[in-house]
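Visitor: Need a 3D model of the following:
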Amino acid sequence: MAKTKKVLKAVDANGNNVDLKEFEEGFHSTEEITRILNEYKTKGDEIGSVVDIVPGEIVKGKILQINDKDVYVGIGYKSDGAVSTAEFRNLEDLKVGDDIEVYVEKLEDSDGNLVLSKSRADFLRVWDRINEAHDNKEIVQGKLTKRVKGGIAVDLFGVDAFLPGSQIDLRQIPDLDSILGKTFDLRVIKVNKTRRNIVVSRRALLEEERDKQRGEVIAKIEKGQVRKGIVKNITDFGVFIDLGGVDGLLHITDMSWGRVNDPKNLLQLHQEVDVMVLDFNEEKDRISLGLKQLQDHPWKDIDDKFPENSHVSGKIVSVTEYGAFMELEKGIEGLIHISEMSWTQHIKHPSKIVSVGDIVKAVVLKIDKEANKISLGLKQLMEDPWKGVRDEFPIGKIMKGKIRNLAAFGAFVELKDGIDGLIHISDISWIKKILNPGEVFKKGQEIEVKVIDIDEDKHRISLGIKQLTEDPWNDLAKKYNIGTKCEGKIVRILDRGIVVEFEDGVEGNIPTKEIGSQVEHPALIFSIGDKVPAEVIEFDLDGQKIVLSIAEYFKGNAGELEKFKAAHPIKKGLTLEKIRADEEAARNALEADDDDED
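Guide: From the prediction side, this is the model:
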């Protein structure tokens, strides 16, 4: 009788019948296979059936393994999922066997792995709460965790939110690291579920609070009030003070009774300071503040502190073209005008005498209390050397002196230490027109002069060279009367004519229209040193001037005039433009060589 083969059957984790005959010849015994299927069924009951797991849902899982990179989680599926440790906020508190919720991204990726996400599960759990806070403009609390590009990451209900740098505070925070780890009230200002973006703002709440405070401040503000404020911004012209929701300007001129070169020298950002309300417009959106007004005016009793003619000491705080300002005490400055620096020196700039930072002594000359001005003098510390100068240098006195300086208008002669006299260019020669004193004098040269005038009030002595001799023009009137024919050497060529010098050193002018040729400029046909004949057509005794004419000299003798013109043709290659350029260059050179008075 044939032996009947026993058929073994079992049920899998999902309740399906399984024929075990396929496993009879396998490595495992039928009893062991039955045990494994029962265990799998039990595990499926505990965690969840495979058929119940679908992508896009949150499921409960168990931590199977933790390493530096990933946390492995079992969810009852045929494979386990790895979740990056970066998705866990409290990784140090987790241990194998803990139950957690994860989001099923994919059942299989390209490598056949189960894809899970802890952060997305957290996000979806709190999304409704965050969305509700956004719609209702609720105030929520978030902890600033780390710096990210453009702002700071915030822990909001266990998920990451973004706090832009512009939304952290009303003003820029120089050190963002200083606020990391702190918890602030925030407002959700933007949400995007698809991209899992949550944007929050702290500034929005601060602006609301500021607007509330602004209304309270504006309602109570009055001129003359002293209020506390915070330095909000510092500029070159002053400081903006936050009075609590409303800003006021503390102008640099109202910071101190003394000189303020830089507002940063007195105040720093975020510093609390007491200020006085000086003024505001009707809308109260422009408020002028003062700091120095909290102190007594330093000019009070100024007459008692610094009486006129008293000697004072102070520091030079500023130097300008017209003088130097000296600080007598904080908030009180006096001006030493350039004219009050020396009795004798002709000072080109105050910096030749004093510099910023110098401690100097001076004499109080005048006080203008209403204008807050004090006039000071340096030279008054010394005796005036011009005192009695008229007796020492009477008009008409002939004496020797040394050329100290040359200027375009004349020469300064040192008569004694600290006393100079001026020889004006018109007082150098009776018969020659001097264009530049440097043609006649040199610095350091000793000469004889005559005192011709004194102005003690202006400290001026006028000297003359030509006055050492008699005026020759009465005699010249006889020698060069009208109609006199003579010959002269060209010493200057001008646009308006030529200047000739006769043997006795006397000069005469020949106008362009009298040179005998029709040319635009005498330099086109004449040169310095040329000798030309001329006839006197005018003698001005009062003006000490002789006018001559070449055309008049040859009048009635056309042939001789033509020979003269042939001897002075227009120069080849010379143009009027070239002549003008040379004249301009000569003038510039003359100005450059002229020494101004020291």
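Visitor: Please parse this structure into its domains.
Guide: 9-47, 50-121, 137-206, 221-294, 302-381, 389-468, 473-585 (automatic domain parsing).
Visitor: Let me have the ones you listed in a markdown table, extended by mean neighbour count, distance to residue 213 and mean pLDDT.
Guide: (Glycine included, C-beta is placed from N, CA and C.) Shown next, in a markdown table, are the domains of the chain (neighbours: other CB atoms under 10 Å; distance: least, CB to CB, whole Å; pLDDT from 0 to 100):
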| stretch | mean neighbour count | distance to residue 213 | mean pLDDT |
| --- | --- | --- | --- |
| domain 9-47 | 13 | 57 | 49 |
| domain 50-121 | 15 | 36 | 85 |
| domain 137-206 | 16 | 10 | 88 |
| domain 221-294 | 16 | 3 | 86 |
| domain 302-381 | 16 | 34 | 91 |
| domain 389-468 | 16 | 65 | 89 |
| domain 473-585 | 15 | 70 | 90 |
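Visitor: got CSV for those, with distance to residue 128 too?
Guide: As requested, the domains of the chain are exported to CSV (distance: least, CB to CB, whole Å):
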stretch, distance to residue 128
domain 9-47, 26
domain 50-121, 13
domain 137-206, 10
domain 221-294, 35
domain 302-381, 65
domain 389-468, 93
domain 473-585, 89
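Visitor: Between those domains, which one is closest to residue 127.
Guide: Shortest distance between residue 127 and those, using CB to CB, is found for domain 137-206: 6.2 Å.
Visitor: can you give me how far the closest one is from the chain middle?
Guide: 36 Å (CA atoms, centre = their mean, to the nearest Å).
Visitor: Contacts only, for residue 83.
Guide: Residues in contact with residue 83 (CB atoms under 8 Å, 6 or more residues apart in numbering) are 70, 71, 72, 73, 102, 116, 117, 118.
Visitor: Of the residues you listed, which pair is most distant in space?
Guide: Greatest spacing in the contacts of residue 83, by CB to CB: 72 and 117 (14.0 Å).
Visitor: Show me which of the contacts of residue 83 is closest to residue 570.
Guide: Once CB to CB is applied, the member of those that ends up nearest residue 570 is residue 117, at 102.1 Å.
Visitor: Leaving out chain neighbours, which residue sits closest to that closest one?
Guide: residue 103 (4.6 Å; CB to CB, 6 or more residues apart in numbering).
Visitor: Following the chain onward from the host helix or strand of that neighbour, which element is next?
Guide: Following DSSP states H and E, one finds residue 103 within strand 99-106. Following strand 99-106 in sequence order, the next helix or strand is strand 115-117 (DSSP H and E).
Visitor: helices and strands around that following strand, which ones?
Guide: Contacts defined by 3 or more CB pairs under 8 Å, 6 or more residues apart in numbering; DSSP states H and E place strand 115-117 against strand 81-84, strand 99-106.
Visitor: Could you rerun that using 6 Å?
Guide: strand 99-106 (3 or more CB pairs under 6 Å, 6 or more residues apart in numbering; DSSP states H and E).
Visitor: quick check, distance from the strand it packs on to the centre of its chain.
Guide: 60 Å.
Visitor: ok, and what's touching that strand?
Guide: Strand 99-106 is contacted from outside by 55, 57-62, 73, 115-118, 120-121, using CB atoms under 6 Å, 6 or more residues apart in numbering.
Visitor: Quickly run through the sheet partners of that strand, with directions.
Guide: strand 58-66 (antiparallel), strand 115-117 (antiparallel) (DSSP bridges).
Visitor: And the residue nearest to residue 117, how far from residue 58?
Guide: 5 Å (CB to CB, to the nearest Å).
Visitor: Find residues that contact each of the two.
Guide: Common neighbours of residue 103 and residue 58 (CB under 6 Å, 6+ apart) are residue 121.
Visitor: And the helices in the stretch 201-350 of the chain?
Guide: Counting by DSSP state H, counting those that start in this stretch, the stretch 201-350 of the chain has these helices, from start to end: 203-220, 302-305.
Visitor: Tell me which of those sits nearest to residue 378.
Guide: helix 302-305 (20.0 Å).
Visitor: what distance separates the closest one from the middle of the whole chain?
Guide: 39 Å.
Visitor: And the contacts of that helix?
Guide: Residues contacting helix 302-305 (CB under 6 Å, 6+ apart): residue 369.
Visitor: and what of stretch 366-376?
Guide: 299, 302, 334, 336, 362, 365.
Visitor: Grab the CA positions of that stretch and hand them over as CSV.
Guide: The C-alpha trace of stretch 366-376 is given here as CSV (Å, rounded to 0.1, in the frame of the first residue of the first chain):
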residue,chain,number,x,y,z
LYS,A,366,37.0,143.4,22.9
ILE,A,367,33.9,141.4,24.1
ASP,A,368,30.6,141.3,22.1
LYS,A,369,28.4,139.5,24.6
GLU,A,370,25.3,139.4,22.4
ALA,A,371,27.1,137.9,19.4
ASN,A,372,29.2,135.6,21.7
LYS,A,373,32.5,137.0,20.3
ILE,A,374,35.8,137.8,21.9
SER,A,375,38.6,139.6,20.0
LEU,A,376,42.1,138.7,21.0
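Visitor: For it, what is the distance to the chain centroid?
Guide: With CA atoms, centre = their mean, you get 32 Å for stretch 366-376.
Visitor: Stretch 272-285 now?
Guide: 27 Å.
Visitor: do stretch 550-562 as well
Guide: 72 Å.
Visitor: And for stretch 577-586?
Guide: On CA atoms, centre = their mean, the centre of stretch 577-586 falls 42 Å from the chain's centre.
Visitor: Also stretch 413-429?
Guide: Distance, centroid of stretch 413-429 to centroid of chain: 47 Å (CA atoms, centre = their mean).
Visitor: what does that stretch rub up against?
Guide: 344, 385, 401-402, 404, 409-412, 434, 440, 449, 461, 463-466.
Visitor: got it, and stretch 319-336?
Guide: Residues outside stretch 319-336 that contact it (CB under 6 Å, 6+ apart) are 257-258, 298, 312, 314-318, 337-338, 350-351, 354, 356, 362, 374, 376, 378.
Visitor: Quote the end-to-end distance of it.
Guide: The first and last residues of stretch 319-336 sit 10 Å apart, counting by CA to CA, to the nearest Å.
Visitor: Stretch 182-202 now?
Guide: End to end - CA to CA - stretch 182-202 spans 12 Å.
Visitor: What of stretch 91-100?
Guide: Stretch 91-100 has an end-to-end distance of 12 Å (CA to CA).
Visitor: Quick check, central residue of the chain?
Guide: Ranked by distance to the mean C-alpha position of the chain (CA atoms, centre = their mean), the top residue is residue 236 at 8.6 Å.
Visitor: Which strand residues bridge the spatially closest residue to residue 446 that is not a sequence neighbour?
Guide: Counting by CB to CB, 6+ apart, residue 402 is the residue found nearest to residue 446 once chain neighbours are left out, at 5.3 Å. In this structure, residue 402 bridges to residue 414, residue 446 when assessed by DSSP bridges.
Visitor: and if you look at residue 546?
Guide: Going by DSSP bridges, residue 546 forms beta bridges with residue 539.
Visitor: just residue 453 next, same as before
Guide: residue 462.
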